[in-house]
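J.: Sequence below, structure please.
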Amino acid sequence: MLAALSGRSHRVLTAIALSAGRRTLAAMSVSHVKFAPLSPAVIAAYVASGEPFGKAGGYAIQGAMAAWIVRCSASSTAAACSRVSAAISRSNWRTPASRV
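T.: Coordinates of the predicted model:
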């Protein structure tokens, strides 16, 4: 996967869905990320670190691979999550627990 992303741009989708009773809310944010070219040695060292396992796309933008990202339309995963959170806030979402 990392070799396929090397030197290329791709989209990262951050999404959330909430459901309570008959009400459902879903929100998604799209970020565009571009990696610098990654040599086979860089990829091998990253894989050997164990960090890519269990991560969609084989990396975490807030982890070691951040050093190889040359462009990102969101400043970080936090920015993408913030946009999702803002959508939830605009919806005036209330869980059953928040009504107590």
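
J.: Now for the chain, the helix or strand with the poorest mean pLDDT.
T.: helix 77-90 (a mean of 67; mean pLDDT, DSSP states H and E).

J.: and L13, that one's in a strand?
T.: Yes: the secondary structure assignment for L13 places it in a strand, going by DSSP: H, G, I helix; E, B strand; the rest coil.

J.: show me the contacts for it.
T.: Residues in contact with L13 (Cβ atoms under 8 Å, 6 or more residues apart in numbering) are 28-30. To be clear about C-beta, it is placed using only N, CA and C from the backbone, and glycine gets the same treatment.

J.: swap the cut-off to 7 Å and go again
T.: Shown in contact with L13 (Cβ atoms under 7 Å, 6 or more residues apart in numbering): 28, 30.

J.: how far away is it from L2?
T.: From L13 across to L2, the span is 18 Å (Cβ to Cβ, to the nearest Å).

J.: for R90, same thing?
T.: With distances taken as Cβ to Cβ, R90 is found 36 Å from L2.

J.: higher neighbour count, these two?
T.: Counting neighbours by other Cβ atoms under 10 Å for R90 and for L2 shows that L2 has the greater number, 19 against 9.

J.: Can you tell me, leaving aside adjacent residues, what's nearest to that one?
T.: I43 (4.8 Å; Cβ to Cβ, 6 or more residues apart in numbering).

J.: Ok, P52 next?
T.: For P52, ignoring the flanking residues on the chain, the nearest one in space by Cβ to Cβ, 6+ apart is G58 at 4.3 Å.

J.: Below-threshold pLDDT in this protein: ranges please.
T.: Using pLDDT under 70 as the threshold, the predicted model of the chain has low-confidence ranges 74-81, 83-84, 93-100.

J.: hey, where'd the helices end up in it?
T.: Taking DSSP state H as the test, the helices found in the chain are 2-5, 40-49, 77-90.

J.: quick one, which of these is nearest to M65?
T.: In terms of Cβ to Cβ, the element of the helices of the chain nearest to M65 is helix 40-49, at 6.6 Å.

J.: what sits up against that closest one?
T.: Counting by Cβ under 7 Å, 6+ apart, helix 40-49 makes contact with 2-3, 52, 64-65, all of which sit outside it.

J.: Alright, calling it a day.
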